[in-house]
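Peer 1: I would like the atomic coordinates for the input below:
(chains A, B and C)
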Amino acid sequence: MPKPRVIYWFRTDLRLHDSPALRAALDLKPECLYLIWTWDPHYVYRARVGPNRWQFLLDCQNDLSKSITKLNSKSKLFLIREAPQTLLPKLFKAWKITHLVFEKDTDAYASERDSKVMELAKEAGVEVVVRMGRTLYDPDELVKENKGKPTMSITQVQAAGSKIGDIARPIPAPKSLPDPGDTTLDFEQDKPTQDPDINAKQRDADEGSYNALSGPNGDFAVPTMEELGLKPATTPHRGGETIALKMLDDIIANEDYTATFEKPKTAPTAFAPQATTLLSPHLHFGSLSCREFYWRVQDVVSAYKGKASQPPTSLTGQLLFRDMYFGAQASLGYSFGQTYNNSHCRFIPWHLPSTIDTSTSLITGSYQIDSAQANQYFIRWREGRTGFPWIDALMRQLKLEGWIHHLGRHAVACFLTRGGCYVDWERGAEVFEEWLIDHEAACNIGNWQWLSCTAFYSMFYRCYSPIAFPKKWDKNGLFVKRYIPELANYPAKYIYEPWKAPIADQKKCGTLVKGDGSTSEDREGKFKTYPKPMFDFPSQREKCIQGMKNAYHIGLYGNDKKVLDGTWRELFSDGAEGPTGGVDELPGAMVREEATGEEDIGEQKVPKDAEVTKKGAKTSTTKAGHKRDASQGTLDNMVTRKKKK
DNA sequence: ATACACGTTGTTAGT
DNA sequence: TACTAACAACGTGTA
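Peer 2: Next comes the predicted model:
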């Protein structure tokens, strides 16, 4: 019987340590093993990826390739510049492949892509071997053990996980690797269409990575930032398994830190060093295995003499949240990434809603400007010019370094959505997708839903203040001063609310609080400037909470008929408190046509114990005089739940 | 049916 | 400094 000729296809597993799929490939005892990466135009042109994450990916690939060559001087990471769907069938033939091996990926695009590839392999008579390795538990299994439903709470994950069984111990890295076979590519390259290039703005030169299948030198090398035409990275954080394992060693060496870690007690304002591990980008690219991390930590915790922290706040608990989001994504597919058509995401009539392609029910990547003011809020938030130093420092750190502390993400996400700007969480998620070096679709989407109180979490009245919250961690504002040099001379008293500083003090500090933040111009004569706050936070917060309360009572989810067909507007047109402002200023613009008012309202959810309060009666004065069905009566008024106790 | 505890990470004013 | 209660109040799971 001929020995197997195997392609190992690297994707989100850029490592040699603890790779169950790579182990499976080696267990085939192949005659030759091709270790490849397919340069997928979906990632190059269609996913939002900024220069910092590009750099991290290239770092990981170069490091892996070097490690491979150390084990076998004839081998490396063979990077081939074509989409996997067209490339792999040609490789099967050219290289006489018998087996294709890769790690399972449950991301919406990835699972679609892999189904197609498996189909093509079957046609070519190539056996496919898939192993789970990206998460602690196989997301599909997790969902199955959760009664087939998406994992929406950490207790569900723990219950389902315990049914699956113990988390596997890490597999050591291989000590040797088989030779690759002949690497001649005697076929034409299918060049992708660049348009639409969602990453055009990331480039300052032409994208040119598809010049030849095996690269400009024919050596299958990893492309450079220059080949991709990308602007240079600005992040200090670098990728690669070598760095990841060293970082893990350093963390594990500190037993107290490892065993007593409690996420809510780590300071989002710490920057030298940061308060958390910075391992998230390595988990994303697979330059570190989550099981390697889990067991290295768990062994320290088991041997720890003092009182160790527990999930979910402990270090291993962080991995459970990751698994929770992967489970939700695996179950919900593309709809997980948006409100529209999402059965588990609440509908809130945010400003700047996504435009929907009604033929696919998917968001298009662009959005509708229903409010010029909200759009200005959004731009100022994104560019770090809101006039709230805590928010601006975080957003500037994010743009520059591609990483901010988890609680910092909470602060800016709450501020953009339910606790400030009342802007759609999908806008924020897109910015994070572009800028984060650790962007993990499942976790990013899940966390934005969490913070916007549209899924996973619901206590919208718990709202982060851009002044009180950072004070708790950094009384002197050192974090703000690092990322906003204009405020470097401001005293602690005014550092989170510089607009309160008297003009004389502002002049003494060399920076005037002036302007609406519409440009990055920050000089006026001999003074620097820093923008005025874009709104009064306490009153804006109050409006948002009222808007959330109203939307919660109406109780629509993303897959509700009224959301899908646009008739949700009827429910919000009267008495809708909050920044959306009722009939005169319709909230959101999710669909292409106005509501007809003739739709069935049978699915409407009315709280059983709803009653009209004094406050509600006051705000519910009908302005437009719409004719209403009887069942909508209670909704037209501001209803509230009966107070318990 | 109803009550109650709980939920990774709020804020403010008190002790 | 470290805790607590009140604030006004969400959904889910369990008893």
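Peer 1: report the buried residues of stretch A:417-431.
Peer 2: In terms of neighbour count (16 or more other CB atoms under 10 Å), stretch A:417-431 has its buried residues at A:417-431. In short, each C-beta sits where N, CA and C put it, glycine included.
Peer 1: mind listing which of those residues are in helices?
Peer 2: Using DSSP state H, the members of the buried residues of stretch A:417-431 that fall in helices are A:425-431.
Peer 1: now these as TSV including pLDDT and distance to A:R46?
Peer 2: Output for these, formatted as TSV (pLDDT from 0 to 100; distance: CB to CB, whole Å):
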residue	pLDDT	distance to A:R46
A:W425	97	21
A:E426	98	17
A:R427	98	19
A:G428	98	20
A:A429	98	16
A:E430	98	13
A:V431	98	17
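Peer 1: adding distance to A:G365, write these out as CSV.
Peer 2: Output for these, formatted as CSV (distance: CB to CB, whole Å):
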residue, distance to A:G365
A:W425, 15
A:E426, 10
A:R427, 11
A:G428, 14
A:A429, 11
A:E430, 8
A:V431, 13
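Peer 1: closest one of those to DNA strand B?
Peer 2: Nearest to DNA strand B out of these is A:W425 (CB to the nearest atom of the strand; 14.6 Å).
Peer 1: so who does the closest one touch?
Peer 2: A:W425 sits next to A:339, A:350, A:413, A:416-417, A:448-449, A:451-452, A:454 when contact means CB atoms under 8 Å, 6 or more residues apart in numbering.
Peer 1: same thing but 7 Å
Peer 2: A:417, A:448-449, A:452, A:454 (CB atoms under 7 Å, 6 or more residues apart in numbering).
Peer 1: pull the CA atoms of the longest helix along chain A into PDB?
Peer 2: Assignment by DSSP H gives helix A:51-71 as the longest helix of chain A. In PDB, the C-alpha atoms belonging to helix A:51-71 read as follows (Å, rounded to 0.1, in the frame of the first residue of the first chain):
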ATOM      1  CA  PRO A  51      -1.800  47.200   9.500                       C
ATOM      2  CA  ASN A  52      -1.200  46.200  13.100                       C
ATOM      3  CA  ARG A  53      -3.100  42.800  12.700                       C
ATOM      4  CA  TRP A  54      -1.500  42.200   9.300                       C
ATOM      5  CA  GLN A  55       1.900  42.600  10.900                       C
ATOM      6  CA  PHE A  56       1.000  40.200  13.700                       C
ATOM      7  CA  LEU A  57      -0.200  37.600  11.200                       C
ATOM      8  CA  LEU A  58       3.000  37.900   9.100                       C
ATOM      9  CA  ASP A  59       5.100  37.700  12.300                       C
ATOM     10  CA  CYS A  60       3.300  34.400  13.200                       C
ATOM     11  CA  GLN A  61       3.800  33.000   9.700                       C
ATOM     12  CA  ASN A  62       7.500  33.900   9.600                       C
ATOM     13  CA  ASP A  63       8.100  32.500  13.000                       C
ATOM     14  CA  LEU A  64       6.300  29.200  12.300                       C
ATOM     15  CA  SER A  65       8.100  28.800   9.000                       C
ATOM     16  CA  LYS A  66      11.500  29.200  10.800                       C
ATOM     17  CA  SER A  67      10.500  26.700  13.400                       C
ATOM     18  CA  ILE A  68       9.500  24.200  10.700                       C
ATOM     19  CA  THR A  69      12.800  24.600   8.900                       C
ATOM     20  CA  LYS A  70      14.600  24.000  12.200                       C
ATOM     21  CA  LEU A  71      13.000  20.600  12.300                       C
END
